[in-house]
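J.: need a structure here:
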Amino acid sequence: MTTESILVVDDEKDIVELVSYNLAREGYKIIKAFSGETALKLAGSELPDVIILDLMLSGINGLEVAKTLKNDPKSSDIPIVMLTAKGEEADIVTGLELGADDYITKPFSPRVLVARVRAVMRRKTKLQEDKEPVIKIHDLLMHPGKRDVTIKGKPVELTYTEFQVLYFLAGQPGWVFTRYQIVDAIRGGNYPVTDRSIDVQIVGLRKKLGHFGKYIETVRGVGYRFREKS
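T.: The predicted model follows:
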């Protein structure tokens with residue numbers, strides 16, 4: 001029996017009961033929420049190990065819930081699995097860019113749901129075990145635990161995904177990575193994220209890093225790398 005808890009969020013009671021039943025059978029402790037407002041309260045008080053979140057909620061929708069949770073240091077590291085009837089790539093990409101770790105489209109297979117939750121749990125455990133080191137290159141300092149980025153001591157405000165991309169590239173300076181290698185590394189799987197979405201993240205990073213943005217180099221026809229030398 002496992003001791004991990006899962007917050008299931010959906011405004012359809014039947015869906016909540018179906019998801020809860022299948023996960024409870026695997027030994028997970030289930031916490032239920034039928035609105036975005038309730039989900040935010042329970043996420044803050046219960047600190048579940050994983051959140052399964054429907055996007056189409058009345059009141060505060062799922063995307064706003066995800067954004068709020070990922071911007072709160074107390075809940076930012078809780079993995080979010082989106083459960084949605086919206087299967088279009090744009091909707092999925094929006095959720096992933098806000099920090100969601102995976103998605104499942106409705107109607108769904110209970111077996112697939114359980115497998116996805118297990119995979120997210122494993123990735124979370126691995127990140128905790130890896131104890132990601134602080135990175136210092138030139139005047140750039142990145143603290144993964146605090147999710148802080150500073151340049152010459154001045155803080156740089158990055159989104160969840162921008163931080164992930166920068167940390168991955170800066171952690172292996174000089175190495176060239178394709179866009180899909182970057183996606184796989186920061187998300188832990190093959191997600192339907194386009195080349196363009198990675199390009200957008202790089203553009204945003206360069207703008208926020210100012211003069212330091214020049215260290216993120218484009219390797220034509222391949223991808224990106226973080227330059228080792230000034």
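
J.: tell me the domain ranges of the protein?
T.: By the assignment in automatic domain parsing, the chain contains the domains 5-130, 135-226.

J.: Apart from its chain neighbours, what residue comes closest to Lys124?
T.: Nearest residue to Lys124, sequence neighbours excluded (C-beta to C-beta, 6 or more residues apart in numbering): Pro79, at 5.5 Å. For the C-beta atoms, the positions are set from N, CA and C on the backbone; glycine is no exception.

J.: What is the burial count for that neighbour?
T.: By other C-beta atoms under 10 Å, 22 other residues sit near Pro79.

J.: pretty sure it is touching Arg123, no?
T.: Yes - counting by C-beta atoms under 8 Å, Pro79 does reach Arg123; the two are 7.3 Å apart.

J.: Overlap in contacts, these two.
T.: Shared contacts of Pro79 and Arg123, defined by C-beta atoms under 8 Å, 6 or more residues apart in numbering, are found at Asp101.

J.: Need phi/psi at the residue nearest to Lys124.
T.: phi -60, psi 140 (degrees, to the nearest 10).

J.: Now do it against Arg118, distance only.
T.: Computed with C-beta to C-beta, to the nearest Å, the distance linking Pro79 and Arg118 is 11 Å.

J.: on that earlier part again, quick one: the domains of the chain as TSV, columns for mean pLDDT too.
T.: Formatted as TSV, those follow (pLDDT from 0 to 100):
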stretch	mean pLDDT
domain 5-130	86
domain 135-226	84
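
J.: okay, which residue is most central for this protein?
T.: Closest residue to the average C-alpha location of the chain: Gly99 at 3.1 Å, with C-alpha atoms, centre = their mean.

J.: Would you mark the buried spots in stretch 40-59?
T.: 40, 42-43, 48-57 (16 or more other C-beta atoms under 10 Å).

J.: Sort out which of those residues are in helices and list them.
T.: Members of the buried residues of stretch 40-59 lying in helices (criterion: DSSP state H): Leu40, Leu42, Ala43.

J.: Can you get me a residue count around Glu97?
T.: Neighbour tally, Glu97, other C-beta under 10 Å: 19.

J.: Skipping its backbone neighbours, what lies nearest it in space?
T.: Thr161 (5.3 Å).

J.: again with Leu140
T.: Leu140 sits nearest to Ile151 (C-beta to C-beta, 6+ apart), 5.6 Å away.

J.: Quick check: the two most widely separated of the buried residues of stretch 40-59?
T.: Asp49 and Met56 (24.0 Å; C-beta to C-beta).

J.: if we can go back for a sec, so what's the residue count around the residue nearest to Glu97?
T.: By other C-beta under 10 Å, 22 other residues sit near Thr161.

J.: Can you name the residues that contact it?
T.: Counting by C-beta under 8 Å, 6+ apart, Thr161 makes contact with Leu96, Glu97, Gly99, Ile186, Gln201.

J.: dump the residue contacts of the second one.
T.: When contacts are counted by C-beta under 8 Å, 6+ apart, Glu97 touches Thr159, Thr161, Ser197.

J.: What is the burial count for Lys67?
T.: Neighbours of Lys67 under the rule other C-beta under 10 Å: 20.
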